[in-house]
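> below are the sequence and a predicted model; questions follow.
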2 protein chains.
Amino acid sequence: MSKTRSRRGGGRPTIADVARRAGVGAITVSRALREPGRVSEDLRRQIQAAVDELGYVPDPNARALASARAEVFGVLVPSLTNNVFAEVVRGIYDSLSDSPFRIQLGNTHYSGLEEERLLQVFGPQRPAALIVAGIDQTPTARRLLETAGCPVVQVMETGPDPVDMLVGFSHLEGGRAATEHMIEAGYRRIGFIGARMDPRSQRRLAGYRTAMETAGLFDPRLVTTTPVPSSVPLGRELFRDALAKVPTLEGVFCNNDDIALGVLFECHRAAIAVPKTIGITGFNDLDMMQSAFPSITSIRTPRYEIGRRAVAMALAAISRKRPEQRIVDLGFELRRRESTAR
Amino acid sequence: MSKTRSRRGGGRPTIADVARRAGVGAITVSRALREPGRVSEDLRRQIQAAVDELGYVPDPNARALASARAEVFGVLVPSLTNNVFAEVVRGIYDSLSDSPFRIQLGNTHYSGLEEERLLQVFGPQRPAALIVAGIDQTPTARRLLETAGCPVVQVMETGPDPVDMLVGFSHLEGGRAATEHMIEAGYRRIGFIGARMDPRSQRRLAGYRTAMETAGLFDPRLVTTTPVPSSVPLGRELFRDALAKVPTLEGVFCNNDDIALGVLFECHRAAIAVPKTIGITGFNDLDMMQSAFPSITSIRTPRYEIGRRAVAMALAAISRKRPEQRIVDLGFELRRRESTAR
DNA sequence: GAAGGAGATGGTAGCGCTACCAAGAAACTG
DNA sequence: CAGTTTCTTGGTAGCGCTACCATCTCCTTC
């Protein structure tokens, strides 16, 4: 019908339709929608009425092209099924649900190369911000982050030298605190059981080692690790291995709660008394740890809060009010429970 | 330097730069990249060389605007932390990782209204396909799906009347199979324990009820449910409630594995023998069920496979080869374990 | 060998929006 | 009250790409 309208587009109203209807210029409609403060009360109302009548919704693709900036947060995590990252992601989602920002989530599978690839995919889209897990990017990935031209928040860890901003906690200190707690509780031959052994697990191991060495208790045979992805069944297996290696084992600090739960089940099956014969400490404090029988000591980590804080920092940076603190340490908390109450 | 180049854009090479360098028209570059078969071998090589030299990457936003179609899959799930959906999402990601498609994941929080809102956000972006969990959309959400102008795959369930395509399994049959198994194992006063009670849980309950009624065993007091989100601690609580209501309880079919695990832990704590005094059956068969002590009977659901299949169907529809089957039932599998071996 | 068809390439004209600049009106300055 | 600043509004010119149509070759076909 009308001259140019809706040839290729799906016939949805455009900003020009709204402008015509409201009797203003297209640019004024654009402004009324994005910076209402810069348009007079009168026109704003008129424009809003036209928008409502037509059911106008701005085209995000056209917006992104014209402004060279998409209203998208790129989020990169190593795993989607690992509850730990799921919680971080949930924090991110909850913080962004009232904003215009959409979320594009990438799964790196704990691979630096895959992380690079995803950054190469995300970059050309010109996201408003990037949130990535960890601080151990490959040099290439780090360069991609530095040149992304948007705020970048690394999450889950602390460290001295973030690409841009950083929020998390110290896995090394967490590992140390867990181990020291077990030593204080009277355990001596304390093993470390770890699966996957990504950089964060490595740091927990380093914390364990520091604590054990300080107490003069370290023995490499106490350490049992595997690159295999973590799971409850694997926890059982690794504990059997650990026990076979060191039959006098008195306790284990586990890489994470899945492994700890596997250890607990294996103890039940082998009729090993917990905490008397074997003490168990987990990491992350999933909610099942307090329900287990016996309940399992763990390090509570602020996963959801990390997600929220990361978004808050990114949002601040986007609005050019960079947060005073570029590095935020949210800490962790030792939850003492029955599994280490000797 | 050059006339028009990189005023607003970040100075990245554009398709025109590539065309100039390769000595061809811009449109030919576009074609060489998207439909290599339609460009002669010679030019294709020339163009590829120019692309490599310049490090050209197409701008996805410009592409989306010009073609009125974004290379994005919209995915809507009710929860990000629930392992069940995490597995579906993982299947989707793994199937899409080698494709040009990006993924935009929305979290509906089990809310129909939130689902509508997200569809309203996703729609204007003109995604290549939409994957949504469940078949219980509000009328508005359903209309949004029907008018999205792209393939739509509903997942997790079966049913007669999908918006477009559907892949999943029958929760009702799953609930029935679980209950029948317990009846066959010799349990009589079998309770149902359910949290959240979303539509899928309701159908599992319906399956339980059918089986119990058929066997002449149904009693409304055996059913314990709550709208509260599911968790292991909640499983313990609900089991205590159920037992208080019906002290002669012989077994429970749980809504899901978290609840089942909570029940198991409560049995341990209360020194109730499993499976002798109480039998337990879960739903979904998370990997910890086989490791638990005693191991827990559960209904294995094809979550990862559902994600993969959904993508396969969507991809087929995108390339205009709609799959022969619009509705795919992937079934489930009863895993008999110690917790019901009376 | 003329007519018709298939394949390869390019030009033009947008997709729907916003950056940039300009211009007029209103408010302020000394 | 001329000169300057601030506020409001609009026009123009793209952002980087692809749909559509036109053109030109090179085969077929009878």
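Thanks, I have it. All values reported here derive from a predicted model rather than from experimental measurement.
> quick check: which element contains the residue most central in space within chain A?
By Cα atoms, centre = their mean, chain A has its centre lying nearest to residue A:88, at 3.9 Å. Using DSSP states H and E, residue A:88 sits in helix A:83-96.
> one more: residue A:263?
Element membership of residue A:263, judged by DSSP H and E, is helix A:257-269.
> tell me the first helix or strand C-terminal of that helix.
Heading C-terminal from helix A:257-269 (DSSP H and E), you reach strand A:279-281.
> can you tell if that next one touches chain B?
No - using Cβ under 8 Å from any Cβ of the partner chain, strand A:279-281 stays clear of chain B, with a minimum separation of 14.0 Å. Heads up, the C-betas are built off the backbone N, CA and C, glycines and all.
> quick revisit: right, and the residue nearest to the centre of chain A touches residue A:301 too?
No - counting by Cβ atoms under 8 Å, residue A:301 is not a contact partner of residue A:88; they are 9.8 Å apart.
> show me where the stretch 1-150 of chain A has its helices.
Along the stretch 1-150 of chain A, counting by DSSP state H, counting those that start in this stretch, helices occupy A:15-22, A:26-34, A:41-54, A:60-67, A:83-96, A:112-122, A:139-146.
> any idea which of the ones you listed is most buried?
Each of those was scored by mean neighbour count; the highest is helix A:83-96, a mean of 22, by mean count of other Cβ atoms under 10 Å in any protein chain shown.
> now it: mean pLDDT?
Helix A:83-96 shows an average pLDDT of 96 in the prediction.
> can you check stretch A:105-114 too?
Stretch A:105-114 comes out at a mean pLDDT of 95.
> show residues contacting that stretch.
Contacts to stretch A:105-114, defined as Cβ atoms under 8 Å, 6 or more residues apart in numbering or on different chains, come from residues A:74-80, A:89, A:115, A:118, A:121-122, A:133, A:136-138, A:141, A:196, A:198, B:90, B:93, B:97, B:103-105.
> and with 7 Å instead?
Outside stretch A:105-114, the residues that touch it by Cβ atoms under 7 Å, 6 or more residues apart in numbering or on different chains are A:74-80, A:89, A:115, A:118, A:122, A:137-138, A:141, A:198, B:93, B:103, B:105.
> got it, and stretch A:217-228?
Contacts of stretch A:217-228 (Cβ under 7 Å, 6+ apart): A:183, A:188-197, A:209, A:212, A:234, A:238, A:241-242, A:245-246.
> quick one: contacts for the nearest residue to residue A:22 once chain neighbours are set aside?
Distance criterion Cβ to Cβ, 6 or more residues apart in numbering or on different chains; nearest residue to residue A:22, sequence neighbours excluded, is residue A:50 at 4.0 Å. Residues near residue A:50 by Cβ under 7 Å, 6+ apart: A:18, A:21, A:22.
> wait, the second one sits on residue A:56?
Translated: residue A:21. No - shown here, residue A:21 and residue A:56 do not form a contact pair, counting by Cβ atoms under 7 Å, at 9.1 Å.
> and the residue of the stretch 101-250 of chain A nearest chain B?
residue A:232 (3.7 Å; Cβ to the nearest Cβ).
> that residue: neighbour count?
Neighbours of residue A:232 under the rule other Cβ atoms under 10 Å in any protein chain shown: 23.
> same thing with the one 3 residues further on?
Using other Cβ under 10 Å as the criterion, residue A:235 is surrounded by 30 other residues.
> other residues contacting the host helix or strand of it?
Using DSSP H and E, the element containing residue A:235 is helix A:232-245. Helix A:232-245 is contacted by residues A:191, A:193, A:195, A:221, A:224, A:226, A:228, A:249, A:252, A:254, A:258-263, A:265-266, B:287-288, B:290-291 when judged by Cβ under 7 Å, 6+ apart.
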